[in-house]
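**Q** sequence first, predicted coordinates after that:
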Amino acid sequence: MKKRILPIPLILLIPILLLIIVVIGGVYRFSLSDEEILAKYPSSAVSFDPVVKAVFDLKSVNPWTIEVPETSAFSFIDELDSEQYIAYGHYDSGLERGTVRVDIGKVLPVPQVDYAAYLAPMSVSNQGSGVFYYLALFKFDTQRSRVVLADSLYVGDRISITSLTAIEEGSIELQYLDRTDDSAMADTPTVEKKQRVVISGQLKIIASE
């Protein structure tokens, strides 16, 4: 009498089928780019940062992020003062806390680079009396969907940046008001100064005469 070959029990077949489904799903997921996933599943879970949209007209999933110069802290630029043309956020490094402000009224797109990049005046204030001004270079990091600080150039303490102008190919002129060497820091800056900079292909600010 021949022995019958027993079929695979159903209880063992179910986990095998589930494993096959998981493997197929994983292969399919990693074959798609992030853009294709967003296009296929435009769900309400995907939202874009309103400050980044308002300032740069970019669709960024994550907030505008600045690594505060001379500190190990980061600031999320998540507030907007439309009347003063200022975007700002706060930071706290543990030893120091303060506010980072960006003058969005003077945002200047950087031409002829392979990124969405922008220059703007930026100030950092902390618990002390100083307000430190920088020329800030921002870029849109497409991998992380985030606007970040690519580089910065220190300009001065409690000065007034008046304009940013693209004067020739790859060259930008920064105009600002400073004080004389013998003026007190509390005095209003009135001395006109200029600084010319160029932006390298690696998104670095290079000061030039």
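**A** Received it, and whenever you're ready, just let me know what you need. These figures come from a predicted structure and were not determined experimentally. Numbers count the residues shown, from 1 in each chain.
**Q** following the helix or strand of the chain with the lowest mean pLDDT, which helix or strand shows up next?
**A** Every helix and strand of the chain was ranked by mean pLDDT, DSSP states H and E. The lowest is helix 34-40, at a mean of 56. Per DSSP states H and E, the first helix or strand lying C-terminal to helix 34-40 is helix 50-56.
**Q** other SSEs contacting that next one?
**A** Other helices and strands packing on helix 50-56, by 3 or more Cβ pairs under 8 Å, 6 or more residues apart in numbering; DSSP states H and E, are strand 64-67, strand 79-81. C-beta coordinates here come from the backbone N, C-alpha and C atoms, glycine included.
**Q** residues in contact with that helix?
**A** Contacts of helix 50-56 with the rest of the structure, by Cβ atoms under 8 Å, 6 or more residues apart in numbering, involve 58-60, 63-64, 77-80, 87, 102, 104, 107, 116, 118, 140, 147.
**Q** just the buried members of the residues you listed?
**A** Using 16 or more other Cβ atoms under 10 Å as the burial test, those include 58, 60, 63-64, 77-78, 80, 87, 102, 104, 107, 116, 118, 140, 147 as buried.
**Q** min pLDDT across those residues, which one?
**A** Minimum pLDDT for those is recorded at residue 116 (89).
**Q** list the contacts of it.
**A** 56, 58, 139-140.
**Q** please narrow these to those residing in strands.
**A** 139-140 (DSSP state E).
**Q** any chance of JSON lines for the contacts of residue 116, columns distance to residue 92?
**A** Compiled in JSON lines, these are given as follows (distance: Cβ to Cβ, whole Å):
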{"residue": "56", "distance to residue 92": "26"}
{"residue": "58", "distance to residue 92": "27"}
{"residue": "139", "distance to residue 92": "25"}
{"residue": "140", "distance to residue 92": "26"}
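**Q** nearest to residue 152 among the contacts of residue 116?
**A** Nearest to residue 152 among those is residue 139, at 12.2 Å by Cβ to Cβ.
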